[in-house]
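A.B. asks: got a predicted structure plus its sequence, pasted below:
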There are 2 protein chains.
Amino acid sequence: MRPVAIVGVGQTPVREHWDAGLRELAVQAVWQALDESGRTSVDVFYVGNMLSGTLTGQEHLATLIAEYAGLAGVEAVKAEAACGSGAAAFRQAMLAVASGAAEVALAVGVEKLTETSTHKTTDGLASAADADYETAMGISFVALNALLMRRYMHEYGYRKADFAAFVEVAHRNAVHNPNAMFRHPVTREQYERAKIVADPVNLLDSSPIADGASAVVLTSLERVKEFPTVPVWVAACEVSTDTIALDNRENPLWLKAAEQSVRKALKNSGLTHRDIQLFELHDAFSIMSALSLEGSGFAEKGEAVKLADEGYFAIDGTLPISTFGGLKARGHPVGATGLYQIVEATLQLRGEAPHSIQIPDARTAMAQNIGGSGATIITTILTKERL
Amino acid sequence: MRPVAIVGVGQTPVREHWDAGLRELAVQAVWQALDESGRTSVDVFYVGNMLSGTLTGQEHLATLIAEYAGLAGVEAVKAEAACGSGAAAFRQAMLAVASGAAEVALAVGVEKLTETSTHKTTDGLASAADADYETAMGISFVALNALLMRRYMHEYGYRKADFAAFVEVAHRNAVHNPNAMFRHPVTREQYERAKIVADPVNLLDSSPIADGASAVVLTSLERVKEFPTVPVWVAACEVSTDTIALDNRENPLWLKAAEQSVRKALKNSGLTHRDIQLFELHDAFSIMSALSLEGSGFAEKGEAVKLADEGYFAIDGTLPISTFGGLKARGHPVGATGLYQIVEATLQLRGEAPHSIQIPDARTAMAQNIGGSGATIITTILTKERL
């Protein structure tokens, strides 16, 4: 495979964008990424999106967005892997360049969740679970995470309040990210008083439904010198899957797909856990942060919550997570989320993060995008120097 | 890019499968393809599908199907490009092998259209058009094709009855395909008497809504000797796009994406139009056959209908089309269609087509899968010998 670099990024603020539809949001991110990379065209165009068909009656999204971005004619395909769709699109763009089929590829993630009723959006999000064996029983995604959180508390002896650190960290970092949805800190007291959504998951455990788009331009080693930006290298991007339904897993608290995708990513890049300086994880719910850290090998089983409480994952901790606010505070426009993570990691490695959340001398970052309750996990390692 | 070969195929009959859901259909095709190739695992798994989210509340389809096929853990992603989703999945699988990221890849297309009301399915299919500027006006896909057919008749002076040959050819070939939905011939008289759906498109101009799944296993040149099947080579697989909405096109009768994808495919394979011995085209409507043939360079503008009438595209004609019945008579399970075409072309090149529809000494075949009204077009060239 040919080495692949990120040479342009773009993102819209994560908001309830009442003034912009799917195509307008996507085009904003695409144009930013193209502008940065000094390009007006690409060879291939991937869109990550989960719910455009269900919520806005628009499939065929990649071709539509390509046209509205002024790229009509370009090869265009949509990639879908539930909330992992953004990184799935990134993976396809990387493969297109790595194979030699394309010299310049663009991946954009976009989602518009606020144009319809919350009820319809909740139903739509539930389509990431098993429609016949989970959703048909009436379970929603919050409920699935509530089951996991309750089980985790039971197995490892935690109280609900112990999860506060994940929320504190995310909100503290988001204050400095102009694109974040919630730019206010959250205190332990606020966390403990927050309304329950599905016991024990409360409102502050849950990432907000939101609209947004995020994009990257990729190119090959051979062409990277033609671009005005400082390249960031894709050391690895690996996809692993697990059973869709939680009840089919031997141990529902163990994200096997996190373990496997991280193992593959480290192996293929020749890096170790110690090399990872920051981790953009998929904190759709607080419990997912804990499970992702443990499955990925950054904490022992049952230890992630304790480490969080000790400040291990804070911006000045041993392994900063959610440095731009994560899904929790930057927001979670599902099909775009994986590309927000990659854009944020890229900004860290370029040294272009806002001062207060810039990781000093960042050279290696990991991003992990999760579809469903850990059924699809895509782990990406980016580096400042080419390995 | 590394050479890539097809080493296993599978398909379900195209039917109203009341006894099988999405996952069961897909798994049938996957297992057939795996059995043929003598494998129980693959490195990467792509699913082509358009409407699982909208019609059955199931997104995250690739991971779900991988699990039910016994492949939990494998890299899995869904590709969507409206009715072009099947070939879009094939393209991704090919890139994964060509890049070296995978040695063995599987692409399966699946669609389940008959489990809901026809009204909902028609709405779903319309999501391949521009939701804001076409569908919002109340237009359906049959109506869009009616506009194109009317315009074609006006521009080139045809009568409605002149299109009969496309329908006759498809139905005549389908008689010999056990997987086809409609295995009965259609006469000119039947065509002329068929009920109008959207004037001038009648029932026999329209391909049937159906359920089905179709799959292929791909591998690299390096590994091809490990497989028991006779390999068929992917000489090219190219994607081009156009505007989504018909009214944005300079000439709505010219499928620019067909022209471009065919040009790229011929260039990359070093072949010419004369080398193509059969053409699995996207005859979702009779008018689409004509436009596809002309855009692809197999007929002059306005000449395809005349050539069809002269028997040019019959099974014993100069360029046989829809050799297994095409979308018209084999049936059109939208996200699976592109892979049915590729499976059928593979069978032709292996010499394994049923006797009456086997193209003698077939060495080179083209398949063309279309999303929307020609907005995404994926042209694949397969060859018996590696070029």
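C.D. replies: Received, thanks. Numbers count the residues shown, from 1 in each chain, chains lettered A, B, ... in the order given.
A.B. asks: which residues of the stretch 151-300 of chain A fall in helices?
C.D. replies: Across the stretch 151-300 of chain A, reading from the start of the chain, the helices by DSSP state H, counting those that start in this stretch fall at A:164-174, A:188-193, A:256-269, A:286-295.
A.B. asks: list the helices and strands the third one packs on?
C.D. replies: Secondary-structure packing of helix A:256-269 (3 or more CB pairs under 8 Å, 6 or more residues apart in numbering or on different chains; DSSP states H and E): strand A:232-241, helix A:286-295, strand A:364-371, strand A:376-383. For glycine as for every other residue, the C-beta is placed from the backbone atoms N, C-alpha and C.
A.B. asks: rewinding a little: and B:Thr346, which of the helices of the stretch 151-300 of chain A is closest to it?
C.D. replies: Of all the helices of the stretch 151-300 of chain A, it is helix A:256-269 that lies closest to B:Thr346, at 30.8 Å by CB to CB.
A.B. asks: how far off strand A:232-241 does that closest one point, in degrees?
C.D. replies: In this structure, helix A:256-269 runs at an angle of 140 degrees to strand A:232-241, with axes from the mean of the first three to the mean of the last three CA atoms, to 10 degrees as the basis.
A.B. asks: so helix A:256-269 versus strand A:364-371, what angle?
C.D. replies: Helix A:256-269 runs at 150 degrees relative to strand A:364-371, counting by the same axes, to 10 degrees.
A.B. asks: what residues of helix A:256-269 count as buried?
C.D. replies: Neighbour-count burial for helix A:256-269, with 16 or more other CB atoms under 10 Å in any protein chain shown as criterion, is recorded at A:256-262, A:264-266, A:268-269.
A.B. asks: just say helix, strand or coil for A:Leu64.
C.D. replies: Per DSSP: H, G, I helix; E, B strand; the rest coil, the local secondary structure of A:Leu64 is helix.
A.B. asks: need the pLDDT of it.
C.D. replies: Confidence at A:Leu64, expressed as pLDDT, is 98.
A.B. asks: residues in contact with it?
C.D. replies: Applying CB atoms under 8 Å, 6 or more residues apart in numbering or on different chains, one finds that A:Leu64 lies in contact with A:23, A:58, B:130, B:244, B:375.
A.B. asks: who wins for neighbours among these?
C.D. replies: Neighbours were tallied for each of these (criterion: other CB atoms under 10 Å in any protein chain shown), and the maximum of 34 neighbours falls on B:Ala375.
A.B. asks: most tightly packed of the helices and strands packed on helix A:256-269?
C.D. replies: Of the helices and strands packed on helix A:256-269, the one with the most neighbours on average (mean count of other CB atoms under 10 Å in any protein chain shown) is strand A:364-371, at a mean of 30.
A.B. asks: A:Gly100: which of the contacts of A:Leu64 is nearest?
C.D. replies: The nearest member of the contacts of A:Leu64 to A:Gly100, counting by CB to CB, is B:Ala375 at 26.3 Å.
A.B. asks: quick check, pLDDT for the closest one.
C.D. replies: pLDDT, B:Ala375: 98.
A.B. asks: which residues does it contact?
C.D. replies: Under the criterion of CB under 8 Å, 6+ apart, the contact partners of B:Ala375 comprise A:60, A:63-64, A:67, B:82, B:128, B:241-244, B:257.
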